[in-house]
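Trainee: Need coordinates for the following:
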Amino acid sequence: MKIEMMRHEYSTYLLNSLNEKSPWILDLGAGLFIYAFRNLKLKGHQVKIGLLLRTESSLERGGTYGRVDPFVAIEFGDGWRVIDSIWLLGRIAGRGTSAAFGQDPLIMVRPGPSFDVAKKVIANSNLFKDVFETYENLDGLWSEGSRGTSAVVGERRPEEILKLARRIPPLLPDVEMEAGGRINVFLGRWNVSDFSKEFSLPLEAIRVIEEQAQQEFDKYNELVRVDEFVALREETFQISPWNLKAEVKVELVLDWISYLLNRRQTGESFMGEVYQEMGRISLDEEPAPLDDPVKWKELTYNGVNKIISRWMKANELAIRGEPELNRQSRFLERLIRSVGGEYSRVSGSLEGYF
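Mentor: Presented below is the predicted three-dimensional model:
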């Protein structure tokens, strides 16, 4: 499903969703990615200057994490030179600029401060050859799939990313602004028992999901569990500079969630949600208004049923192969453990069945 909206209408919709002033709430654990650039022309150079925000759930980190990075792209005769980390920003524009970005990342998109940063970068363009690659074009360069996240600098708690994201929509009606990304709007959430009843998903299917995921979880010494299901409206949006409309592609996504015990650097323990995609569909219906809860409730239930049907068909043999509940399977052998004399226990989605 593709929807076109006036850019000021989409910016209002996005702001209301971020501030929980609409029927829709963004699910940060399912992933958020927003880029916002100001397009300038300075000393004969085309300049894109802005920032990138993202959150995602990570099995490695045992929960949801976020990060914010600067982005500056300057067109020279042989291509584009790009700054995409706070380290590079400090190297080219000076420590003061990188420190200012650390305090307030939105200096990269405000009209006055962004112009000042661009001037500093161009003034030190002699450094570009030492630390920059040259790109013929910028297509997809800032997409979340092509960006690494190994650097610790730039990581922030999801709550901080959300606060920053709330300050971006009011800037979007400015036609010099370019923005886009991916957000996940919360549509429904169920525990395992309720979801199984609502959508006729048998317990054997839950066990297959856990069996299939266990190999990845084993890398982190984690026991896989399906704790909840969540339905999401994934919106991939793009607002081009000097274009009055926003283009939005909409898909319905079904994720399952596992809770993992993790520890922050401070030593504080917390339960982190890790999202795993079960399936998605492109909605073929006529475009539905994004602010129509009744219509989207209908689309959600129809869409989830389609995803479940496709998944069940694709995993029919594995589901048939699951043993009866009164027989131990390979799954139960992993689930029931006795180490160092400790009592064996059953946890996860099967808790309460034994």
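Trainee: Show me the helices in the stretch 101-250 of the chain, by range?
Mentor: Along the stretch 101-250 of the chain, counting by DSSP state H, counting those that start in this stretch, helices occupy 111-123, 128-131, 158-166, 192-199, 203-218.
Trainee: wait, which of those is closest to Y13?
Mentor: Closest to Y13 of those, according to C-beta to C-beta: helix 158-166, at 13.3 Å. In short, each C-beta sits where N, CA and C put it, glycine included.
Trainee: which residues touch that closest one?
Mentor: Residues outside helix 158-166 that contact it (C-beta atoms under 8 Å, 6 or more residues apart in numbering) are 15, 18-19, 26, 28-29, 32, 34, 51, 53-55, 64-68, 105-106.
Trainee: repeat for stretch 102-111
Mentor: By C-beta under 8 Å, 6+ apart, the residues outside stretch 102-111 that reach it are 36-38, 49-51, 68, 70-72, 86, 100-101, 113-114, 117, 164, 167-168, 171, 174, 176-177.
Trainee: Next step: the contacts of helix 158-166 restricted to strands.
Mentor: Among the contacts of helix 158-166, the residues falling in strands (DSSP state E) are 32, 34, 51, 53-55, 64-68.
Trainee: Of those, which is the nearest to G181?
Mentor: Within those, the smallest distance to G181 is 4.0 Å, found for I34 (C-beta to C-beta).
Trainee: List the residues that contact the residue nearest the centre of the chain.
Mentor: By C-alpha atoms, centre = their mean, the chain has its centre lying nearest to G31, at 1.8 Å. Each residue near G31 by C-beta under 8 Å, 6+ apart is listed here: 54-57, 182, 184, 275.
Trainee: Over to L53?
Mentor: Contacts of L53 by C-beta under 8 Å, 6+ apart are 32-35, 66-68, 161, 164-165, 168, 181.
Trainee: how near is it to A36?
Mentor: Distance, L53 to A36, using C-beta to C-beta, to the nearest Å: 8 Å.
Trainee: ditto for L138
Mentor: Taking C-beta to C-beta, one finds L138 at 15 Å from A36.
Trainee: Looking only at neighbour counts, state which of these two leads.
Mentor: Remark: of L138 and A36, A36 carries more neighbours, 27 against 15, as counted by other C-beta atoms under 10 Å.
Trainee: Help me confirm that the more buried one is found in a helix?
Mentor: No - assessed with DSSP: H, G, I helix; E, B strand; the rest coil, A36 is strand; it does not lie in a helix.
Trainee: Help me confirm that it comes into contact with E176.
Mentor: No - applying C-beta atoms under 8 Å as the test, A36 and E176 come out as separate, 11.1 Å apart.
Trainee: burial count for D27?
Mentor: 25.
Trainee: Wait, it touches G188, no?
Mentor: No - D27 is not in contact with G188 according to C-beta under 8 Å; the separation is 10.8 Å.
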